[in-house]
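Student: The sequence isn't on hand, but the structure is:
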Ligand SMILES: CSC[C@H]1O[C@H](OP(=O)(O)O)[C@H](O)[C@@H]1O
């Protein structure tokens, strides 16, 4: 059992990121000292995954605040607004990024003290966001385990992309549920979609499973429906980047196809995500901003082009699975059918829990 995978850590006055663009061939880290480098790390997916980029943005807010050397509070907050604006420009879909930036801005506004005292408070706030995320993922894992099919046989769970420790501050959301099932002796095997064009399943989910001795089979993105038809899959659990108030969920491109196949084969399809991934300001999924990424990810996945010049491209990084295809949304405070999610979140927030 690995000692845990922590892709974003405060380390010797800088933020230490696992460089996820180099996995699985090379485990390396990047130390981030300023907000501009953190913004670049998010955009280039050195750090990726909705909760992980939220935690990274929180530390990015502190790094930017730390660079202010004056003592005038009005000038400090104007500077902090510029830092927030820069981080907001990095990636549009994962609402966790904006949730974390807002949380840091609110913490700064609520701190009555000198610039130095506010800067110190911001570091503490970012560190708490990081620690809370790991605990939240463990809670998602525990609740998610209770919602999985309660069969005597061990489960074969398919997942798409990487919603693991690498996509969070640690432990993972979908892969956190899978880790909890493994620890409970309820898991036979993970089936991991390769997840083109960035291959998060092939490169990251398999790496996490191998690190911890969890049996994993890598599937090409064309295989999920066939495996379901062959009776190889008992449940699907995936992560999320933004969940609308009605439960419509944006997740890695290809998730919707998996949900359609699961529905056709009556296989339970679950979303695993923290409350910070739910965007109650959006009534439904068609309003979720979908990131369009560089076509080079499609035609140049490694060192050689896979198609000729002259081809045009469409490279949406995410798609939206309508709530009707989702059996339950696994959160840190319970598992809810999409229709009950908004009320559950509002109740959770009104009882003083972090939002
Ligand atoms: C734990 S949520 C992870 C979520 O984020 C991934 O997107 P990306 O790798 O582009 O940041 C993917 O949608 C995962 O499900």
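Tutor: Cool, got the structure. Keep in mind that this is a model prediction, so the values were computed, not measured.
Student: hang on, residue 187 packs against residue 216?
Tutor: No. Counting by C-beta atoms under 8 Å, residue 187 does not reach residue 216; the two are 10.3 Å apart. (Each C-beta comes from the backbone N, C-alpha and C, glycine too.)
Student: Where does pLDDT dip in the chain?
Tutor: 1-3, 308, 353-355 (pLDDT under 70).
Student: Pop the domain breakdown of it in here.
Tutor: Domain ranges of the chain: 2-136, 137-351, per automatic domain parsing.
Student: Turn those into TSV, including mean neighbour count.
Tutor: Listed next are those as TSV, based on neighbours: other C-beta atoms under 10 Å:
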stretch	mean neighbour count
domain 2-136	19
domain 137-351	20
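Student: Show me what from the stretch 1-150 of the chain comes close to the ligand.
Tutor: Selection of the stretch 1-150 of the chain residues close to the ligand by C-beta under 6 Å from any ligand atom yields 48-51.
Student: so of those, which ones are in strands?
Tutor: If you go by DSSP state E, those have nothing in strands.
Student: Inside helices: which ones of these?
Tutor: Among those, the members falling in helices are 50-51 (criterion: DSSP state H).
Student: In TSV, list the residues of the stretch 1-150 of the chain next to the ligand along with distance to residue 258.
Tutor: Formatted as TSV, those follow (distance: C-beta to C-beta, whole Å):
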residue	distance to residue 258
48	19
49	18
50	18
51	21
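Student: need the contact list for the residue of the stretch 1-150 of the chain found nearest the ligand.
Tutor: Relative to the ligand, the nearest point of the stretch 1-150 of the chain is residue 48 (3.5 Å; C-beta to the nearest ligand atom). Each residue near residue 48 by C-beta atoms under 8 Å, 6 or more residues apart in numbering is listed here: 20, 42, 166-167, 200.
Student: Give the other helices and strands that the longest helix seen in the chain contacts.
Tutor: Taking DSSP H as the criterion, the chain has its longest helix at helix 115-147. Packed against helix 115-147 by the contact rule (3 or more C-beta pairs under 8 Å, 6 or more residues apart in numbering; DSSP states H and E) you find strand 8-11, helix 50-66, helix 73-88, helix 95-110, helix 174-183, strand 269-272, strand 328-331, strand 334-336.
Student: again, 7 Å this time
Tutor: Identification of packing neighbours for helix 115-147 by 3 or more C-beta pairs under 7 Å, 6 or more residues apart in numbering; DSSP states H and E yields helix 50-66, helix 73-88, helix 95-110, helix 174-183, strand 269-272, strand 328-331, strand 334-336.
Student: Report the inter-axis angle for the following helix or strand past it versus helix 174-183.
Tutor: Following helix 115-147 in sequence order, the next helix or strand is strand 155-159 (DSSP states H and E). Here the directions of strand 155-159 and helix 174-183 differ by 170 degrees (axes from the mean of the first three to the mean of the last three C-alpha atoms, to 10 degrees).
Student: which other residues reach strand 155-159?
Tutor: 148-149, 174-175, 178, 181, 186-192, 205, 224, 232-238 (C-beta atoms under 7 Å, 6 or more residues apart in numbering).
Student: Now, the residues you listed that are in strands?
Tutor: Counting by DSSP E, these contribute 187-192, 235-238 to strands.
Student: Farthest pair within those?
Tutor: Greatest spacing in the ones in strands among the contacts of strand 155-159, by C-beta to C-beta: 188 and 238 (18.5 Å).
Student: thinking residue 104 is in contact with residue 61, fair?
Tutor: Yes. Between residue 104 and residue 61 there is a contact at 3.9 Å, judged by C-beta atoms under 7 Å.
Student: any shared contact partners between the two?
Tutor: 122, 126.
Student: centre of the chain versus stretch 193-200, how much separation?
Tutor: 15 Å (C-alpha atoms, centre = their mean, to the nearest Å).
Student: got the end-to-end distance for that stretch?
Tutor: Stretch 193-200 has an end-to-end distance of 9 Å (C-alpha to C-alpha, to the nearest Å).
Student: what does that stretch contact?
Tutor: 45, 160-162, 201-202, 218-221, 224, 252, 254, 297-298, 301, 315.
Student: what's the answer for stretch 255-265, then?
Tutor: 160, 224-225, 228-229, 236, 238, 269, 319-321, 325.
Student: Keep only these that also lie close to the ligand.
Tutor: Answer for those near the ligand (C-beta under 6 Å from any ligand atom): residue 238.
Student: for the contacts of stretch 255-265, which one is nearest the ligand?
Tutor: residue 238 (5.8 Å).
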